[in-house]
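*Asks:* Sequence and predicted structure are below.
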Amino acid sequence: MSYKVKLEIFEGPLDLLLYFIKKDEINIYDIPISKITDQYLQYLEFMKLLDLNIAGEYLVMAATLMHIKSKLLLPPEEREAEEEEVKDPRQELVEKLLEYQKFKEAAAKLDIMEKGRKDIFKRQAPGDILSKDTQVRYFEANIFDLISAFSKILKEMPKETFHNIVKDEFTVEEKMHDIYHMLVARPKLMFTELFKDAKNKFEIVVTFLSILELIRLKEIKVYQKHMFDEIEIIRNTESMKPGIHSSGAL
């Protein structure tokens, strides 16, 4: 891929770890470090596949996780033989996650309050698909939700889709144009339907990069009715729509 997406929607490595913990309903005080490390490294490989920028802090966290994992694999007697005080190698990471989670929750509450104030005395746009009349509360999907949904799509794609070799007929710019004009004709799109007619792996990747770029340019928004649910795509508007609240990006 020659097209590199530079995203401001990326959160940090602690956000990614909290995403895994919430998604798999893991006890934060008893993190299965081997499982979390494997998931984390898989995500980094996936980001590289998509040619996404990976900040150095992601690589530092990867090294930290592998170090903790290696310590836990040592026999208890060898761990006790170390000079440092004997303690759970995960303890420091857990403390960082708990502290970071408190800040994220506080920021999310302030964000909701701010958006609530913006909605005061504002006129409702006609035909708003996410209006108060629907009585549906939406969670804003984050980058990890998108990557998770995309990885699932790749796994479910027929094998012939990946072996279908054709001339590169798709560009990110063209796909962005197609997606945006689909949203002009329709109020919303389901994330999965954008990949149903893909001819090959190249088109699948280009479509995903186009979605990320449209988010970065604030042309579209992505939401879920429930956390980790099917992702819906709508056109962006200048004001936050009533009935929507952020999940705090974990």
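*Replies:* Everything's here; your move. Numbers count the residues shown, from 1 in each chain.
*Asks:* ranges for the helices of this protein?
*Replies:* Using DSSP state H, the helices of the chain run over residues 13-23, 33-49, 56-73, 76-80, 91-118, 143-156, 159-163, 172-185, 201-216.
*Asks:* Name the spans of the chain whose pLDDT lies under the cut-off.
*Replies:* 1-10, 51-53, 76-86, 114-138, 159-168, 238-250 (pLDDT under 70).
*Asks:* One more pass at 50, please.
*Replies:* Scanning the chain for pLDDT under 50 picks out 1-6, 8, 83, 121-129, 131-134, 239-250.
*Asks:* which non-adjacent residue is nearest the residue most central in space within the chain?
*Replies:* With distances taken as CA atoms, centre = their mean, the residue of the chain nearest its centroid is Phe144 (1.7 Å). In this structure, Phe144 finds its nearest non-sequential neighbour in Tyr19, 4.4 Å apart by CB to CB, 6 or more residues apart in numbering. Bear in mind the C-beta positions are built from the backbone N, C-alpha and C, glycine included.
*Asks:* who's in contact with Met61?
*Replies:* 13-14, 16-17, 40 (CB atoms under 8 Å, 6 or more residues apart in numbering).
*Asks:* Using JSON lines, lay out those residues together with neighbour count and distance to Glu213.
*Replies:* As requested, those are exported to JSON lines (neighbours: other CB atoms under 10 Å; distance: CB to CB, whole Å):
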{"residue": "Pro13", "neighbour count": "21", "distance to Glu213": "23"}
{"residue": "Leu14", "neighbour count": "19", "distance to Glu213": "25"}
{"residue": "Leu16", "neighbour count": "23", "distance to Glu213": "21"}
{"residue": "Leu17", "neighbour count": "24", "distance to Glu213": "26"}
{"residue": "Tyr40", "neighbour count": "21", "distance to Glu213": "25"}
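*Asks:* now, which of the residues you listed sits nearest Thr64?
*Replies:* Distance to Thr64 across those (CB to CB) is lowest for Pro13, with 8.7 Å.
*Asks:* ok, for Glu203, nearest residue in space, not its chain neighbours?
*Replies:* Phe170 (5.0 Å).
*Asks:* which ones are touching the one you found?
*Replies:* Neighbouring residues of Phe170 by CB under 8 Å, 6+ apart: 202-203, 206-207.
*Asks:* now it: how far from Glu156?
*Replies:* Look at Phe170 and Glu156: by CB to CB, to the nearest Å, they are 20 Å apart.
*Asks:* Same check on Ala63?
*Replies:* Ala63 sits 32 Å away from Glu156, going by CB to CB.
*Asks:* now do Met66
*Replies:* Remark: distance between Met66 and Glu156 (CB to CB) = 30 Å.
*Asks:* burial of Leu209, as a residue count?
*Replies:* By other CB atoms under 10 Å, 21 other residues sit near Leu209.
*Asks:* got the contact list for the residue nearest to the centre of the chain?
*Replies:* Applying CB under 8 Å, 6+ apart to Phe144 gives the contacts 11, 15-16, 19, 43, 250.
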